[in-house]
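Visitor: Generate a structure from the sequence data that follows.
(chains A and B)
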Number of protein chains: 2
Amino acid sequence: MKVLVLGGDGFCGWPASLHLSDRGDAVTIVDNFSRRRIDEELGAQSLTPIRSMVERRAAWKELSGKQIDVVELDVAQDYQGLKELLDEVRPDAIVHYAEQRAAPYSMKSAKHKRYTIDNNVNATHNVLCAIVDSGQDIHLVHLGTMGVYGYGTAGMAIPEGYLEVRIPVTTDAVVETEILYPTNPGSIYHMTKVLDQSMFAYYAKNDELRITDLHQGIVWGTNTIQTNLDERLINRFDYDGDYGTVLNRFLMQAAVGYPLTVHGTGGQTRAFIHIQDMVRCVAIALDNPPQVGERVKIFNQMTETHRVRDLANLVASITGASVEMVPDPRKEAQENELLVNNDNFLGLGLEPITLNEGLLREINETAAKYADRADHSRIPARSVWTAAQQAGVPASVEDH
Amino acid sequence: MKVLVLGGDGFCGWPASLHLSDRGDAVTIVDNFSRRRIDEELGAQSLTPIRSMVERRAAWKELSGKQIDVVELDVAQDYQGLKELLDEVRPDAIVHYAEQRAAPYSMKSAKHKRYTIDNNVNATHNVLCAIVDSGQDIHLVHLGTMGVYGYGTAGMAIPEGYLEVRIPVTTDAVVETEILYPTNPGSIYHMTKVLDQSMFAYYAKNDELRITDLHQGIVWGTNTIQTNLDERLINRFDYDGDYGTVLNRFLMQAAVGYPLTVHGTGGQTRAFIHIQDMVRCVAIALDNPPQVGERVKIFNQMTETHRVRDLANLVASITGASVEMVPDPRKEAQENELLVNNDNFLGLGLEPITLNEGLLREINETAAKYADRADHSRIPARSVWTAAQQAGVPASVEDH
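Guide: Sure, this is the predicted structure:
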């Protein structure tokens, strides 16, 4: 099928583009290369030596014989360009990664909060509006986050997007219905995915767009079958305090002999997925679109849940690294349970890569291999969630 | 108290500014005068001859001895200006009307959809972000809409913002909790108020901002005690297909001898409030803020519900006008029940103006008085909700 990958130069977008191209989809990457500019802003860079898009494309063509088209375009700003691109390519599907995706970056300052809101909301809305405007039947697959959900309650597994509830209408009568799972985002970034979700529900209802929203866990790992083919195809690996996700950060800290820094008590439980499984899930979602007129299809795109301190201890036990507890820069519950239902993807054939099999390989093949490229001063998380924390007072949360 | 009124030149903002000034609040109006420019874009104008802000201010000073400050500023675009204004004025409260507020206008074209999303989301987020950034404790009162709710079910009255639900966790265990009422907006405009609501919940949680969200019904009537004092203070009255709200449109159609145009079956039930009650409610909300750390306070700001065809028949019976059924430009249920709980405002002393007492006065004092200013070609609603309707096919809705 013909697929536009918005944000196809990024950490998830690039390996997804290669995976789809490899299986025979006609892929067009659309990107404004904002992620590379943010590296410059932060004085940080990928631990792995990622290449320019020109070099990436040429290497893929050379190795696979397959062509990936690339269009430089800001979907949040250039609506006309986006609309013309839809008319020209007439894609069967759009995979939408074109959002600012780091929670700490979204909390750095008023400027960063405002950029994240403005960019993410307008990017998503422009895509929805342009699909309607084009008159084409295009399936939209969006990368959302598990972070739109509040945490589960009383041992319940978080269902896939929709929650069955009973509403006591009168003292006698109770109505049963299904609603979008109530949201409780933990940062401005996560909140933008809540706003996205509301826009999807509206456009699926009013314009009968076909939309799939992938509520993704934290991605770990770096490379996939395709990005491993050649050093020129290597994927990015972020380890800085803003963009480095927790498990990848631990792996890199272990590789360079830096203590594994656990925020708060480390009792926060999170959902995880390996990057290879992420690209497989996107392909599965593309192959299983909702029907016209159907509500938004929501998948929980994760395979395991772990407590952060357990992950730190696991990585420490493999590598001999030390663990250090540091103040939590976020405003969040320090201890939470998290059970998640991911039956949709398992039912469609996903066979997850487990932490046990992938962790050691990841340390050896990526973190240790490029350890000499690390700038240790970029490792600590410096964004804090509230004004009080800026002044040194820890944030308290009664119930998250 | 010191109050900023964002959007203080508009249909609701202007009478609210006068009401607050009259009772002794120090009012600063902030407006970018976009509503006057939209009049030009649409080739429409207020039925009533509204004056420039310069003339309005001078007249109010002359009549009341009270000064209203006015700042021309676009809160969606000029964050720096907004922040400096907060530092300069140090308001106790902000009343936020600075959003594009017409559903049909928000549906006219891709450009109008995109403007409504971009303007409303960034205006609201800039205000929230600037309050945090200022370090001040400012109570934010926002004009929302009843249109964020899905309609009630099984005879239940829509509660004020929060819904009590039971979640079946296992076959035996049920958890009781209260959630934000599930949303079901009927247009891009209404959806922006859903997005606002998510941002309010987040900022109340993360930054402990004090926020009141007024879920308002359709406003009818034109003038208040203050705007009635002098012709130079007169409020706007919109009757065009985009900005004219249903009851005011009927009143004006009756006054000029135009049939009362009912969309679809007219079985849509809506919530209403008189403009005089609207300004009283805003004052009550300002006097009853939530505490720091409390969740968003939500009021249903409406006093009566009516079926649209019943309203048309009522106006026809008073005036002798005819009623004409026309195709519904919206995608909506043709018949719905609507029961609404408004105990919060009633409990705080609101004594509603009823349709029965106010309707005839409104026809005589406004619609008939300025009937010769009406441009009949502006009356029909021309925005449609879906591409199919553009092509002449009515929209069907299974359940709204």
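
Visitor: what helix or strand does residue A:286 sit in?
Guide: Assigned by DSSP states H and E, residue A:286 belongs to helix A:275-287.

Visitor: residues of stretch A:352-363 that come out buried?
Guide: A:352, A:353, A:355, A:358, A:359, A:362, A:363 (16 or more other CB atoms under 10 Å in any protein chain shown). (C-beta placed from N, C-alpha, C; glycine too.)

Visitor: Inside helices: which ones of these?
Guide: Taking DSSP state H, the ones among these that sit in helices are A:355, A:358, A:359, A:362.

Visitor: Show the low-confidence segments of the stretch 201-350 of chain A, by residue range.
Guide: Scanning the stretch 201-350 of chain A for pLDDT under 70 picks out nothing.

Visitor: if we can go back for a sec, looking just at contacts, which helices and strands does the next helix or strand after the helix holding residue A:286 meet?
Guide: Once helix A:275-287 ends, the next helix or strand along the chain (criterion: DSSP H and E) is strand A:297-301. Packing partners of strand A:297-301 (3 or more CB pairs under 8 Å, 6 or more residues apart in numbering or on different chains; DSSP states H and E): strand A:211-216, helix A:275-287, helix A:343-347.

Visitor: Any chance of those in a markdown table with distance to chain B and mean neighbour count as columns?
Guide: Converted to a markdown table, the helices and strands packed on strand A:297-301 look like this (distance: least, CB to the nearest CB, whole Å; neighbours: other CB atoms under 10 Å in any protein chain shown):
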| stretch | distance to chain B | mean neighbour count |
| --- | --- | --- |
| strand A:211-216 | 14 | 26 |
| helix A:275-287 | 24 | 23 |
| helix A:343-347 | 16 | 16 |
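
Visitor: For residue B:188, find the nearest of the ones you listed.
Guide: strand A:211-216 (16.0 Å; CB to CB).

Visitor: Any chance you could list what contacts that closest one?
Guide: The contact list for strand A:211-216 (CB atoms under 8 Å, 6 or more residues apart in numbering or on different chains) reads A:139-146, A:148-149, A:160-161, A:196-197, A:200, A:203-204, A:273, A:278, A:281-282, A:285, A:288-290, A:296-302.

Visitor: in the stretch 51-200 of chain A, which spans are strands?
Guide: A:69-72, A:93-96, A:139-145, A:162-168, A:174-180 (DSSP state E, counting those that start in this stretch).

Visitor: Could I get these in JSON lines, plus columns for mean neighbour count and mean pLDDT?
Guide: Converted to JSON lines, these look like this (neighbours: other CB atoms under 10 Å in any protein chain shown; pLDDT from 0 to 100):
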{"stretch": "strand A:69-72", "mean neighbour count": "16", "mean pLDDT": "98"}
{"stretch": "strand A:93-96", "mean neighbour count": "27", "mean pLDDT": "98"}
{"stretch": "strand A:139-145", "mean neighbour count": "26", "mean pLDDT": "98"}
{"stretch": "strand A:162-168", "mean neighbour count": "17", "mean pLDDT": "93"}
{"stretch": "strand A:174-180", "mean neighbour count": "15", "mean pLDDT": "93"}
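
Visitor: who's in contact with the nearest residue to residue A:1 once chain neighbours are set aside?
Guide: Counting by CB to CB, 6 or more residues apart in numbering or on different chains, residue A:1 lies nearest to residue A:92, which is 4.0 Å off, once chain neighbours are set aside. Residues in contact with residue A:92, defined by CB under 8 Å, 6+ apart, are A:1, A:2, A:3, A:138, A:139.

Visitor: Residue A:92 and residue A:4, how far apart?
Guide: Applying CB to CB, to the nearest Å, the value for residue A:92 to residue A:4 is 9 Å.

Visitor: same question, residue A:13
Guide: 11 Å.

Visitor: can you list residues touching both of the two?
Guide: What both residue A:13 and residue A:4 touch, as defined by CB under 8 Å, 6+ apart, is the set residue A:95.

Visitor: More neighbours: these two, which one.
Guide: Neighbour count, other CB atoms under 10 Å in any protein chain shown: between residue A:13 and residue A:4, residue A:4 has more, with 28 against 25.

Visitor: May I have the strands that pair with whichever strand or helix holds the more buried one, each with its orientation?
Guide: Using DSSP H and E, residue A:4 falls within strand A:2-6. Using DSSP bridges, strand A:2-6 pairs in its sheet with strand A:26-31 (parallel), strand A:93-96 (parallel).

Visitor: buried residues in that strand?
Guide: Quick answer for strand A:2-6 (16+ other CB under 10 Å): A:3, A:4, A:5, A:6.

Visitor: Quickly check the residues you listed for the two that are furthest apart.
Guide: A:3 and A:6 (10.2 Å).

Visitor: Find residues that contact each of those two.
Guide: Common neighbours of residue A:3 and residue A:6 (CB under 8 Å, 6+ apart) are A:94, A:95.

Visitor: Spatially nearest residue to the closest residue to chain B within the stretch 301-400 of chain A, not counting backbone neighbours?
Guide: Residue nearest to chain B within the stretch 301-400 of chain A (CB to the nearest CB): residue A:331, separated by 5.6 Å. Nearest non-adjacent residue to residue A:331, counting by CB to CB, 6+ apart: residue A:395, 3.7 Å away.

Visitor: Measure how buried the one you found is and give me the count.
Guide: A count of nearby residues for residue A:395, using other CB under 10 Å, gives 18.

Visitor: same thing with residue A:376?
Guide: So residue A:376, with other CB under 10 Å, has 11 neighbours.

Visitor: need the contact list for it.
Guide: A:256, A:258.

Visitor: So residue A:42 is in contact with residue A:382, correct?
Guide: No. Counting by CB atoms under 8 Å, residue A:382 is not a contact partner of residue A:42; they are 10.0 Å apart.

Visitor: For those two, work out which one has more neighbours and name it.
Guide: Set residue A:42 next to residue A:382 and count neighbours by other CB under 10 Å: residue A:42 wins out with 18 against 12.

Visitor: For that one, give me the pLDDT.
Guide: We have a pLDDT of 94 for residue A:42.

Visitor: got it, and residue A:391?
Guide: 86.

Visitor: swap in residue A:46?
Guide: Looking at residue A:46, its pLDDT stands at 95.

Visitor: That one: neighbour count?
Guide: So residue A:46, with other CB under 10 Å, has 21 neighbours.

Visitor: all helices for chain A, in order.
Guide: For chain A, applying DSSP H gives helices covering A:13-22, A:34-42, A:53-64, A:79-89, A:103-106, A:110-134, A:188-206, A:246-256, A:275-287, A:308-319, A:343-347, A:355-362, A:387-390.

Visitor: Serialize those to JSON lines and add fields for distance to residue B:335.
Guide: Output for these, formatted as JSON lines (distance: least, CB to CB, whole Å):
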{"stretch": "helix A:13-22", "distance to residue B:335": "46"}
{"stretch": "helix A:34-42", "distance to residue B:335": "48"}
{"stretch": "helix A:53-64", "distance to residue B:335": "55"}
{"stretch": "helix A:79-89", "distance to residue B:335": "37"}
{"stretch": "helix A:103-106", "distance to residue B:335": "44"}
{"stretch": "helix A:110-134", "distance to residue B:335": "27"}
{"stretch": "helix A:188-206", "distance to residue B:335": "18"}
{"stretch": "helix A:246-256", "distance to residue B:335": "52"}
{"stretch": "helix A:275-287", "distance to residue B:335": "37"}
{"stretch": "helix A:308-319", "distance to residue B:335": "52"}
{"stretch": "helix A:343-347", "distance to residue B:335": "36"}
{"stretch": "helix A:355-362", "distance to residue B:335": "55"}
{"stretch": "helix A:387-390", "distance to residue B:335": "50"}
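
Visitor: and residue A:370, which of those is closest to it?
Guide: Residue A:370 lies closest, by CB to CB, to one member of the helices of chain A: helix A:246-256, at 8.3 Å.

Visitor: elements contacting that closest one?
Guide: strand A:218-220, strand A:260-263, helix A:308-319.

Visitor: and that helix with helix A:355-362, angle?
Guide: Here the directions of helix A:246-256 and helix A:355-362 differ by 40 degrees (axes from the mean of the first three to the mean of the last three CA atoms, to 10 degrees).
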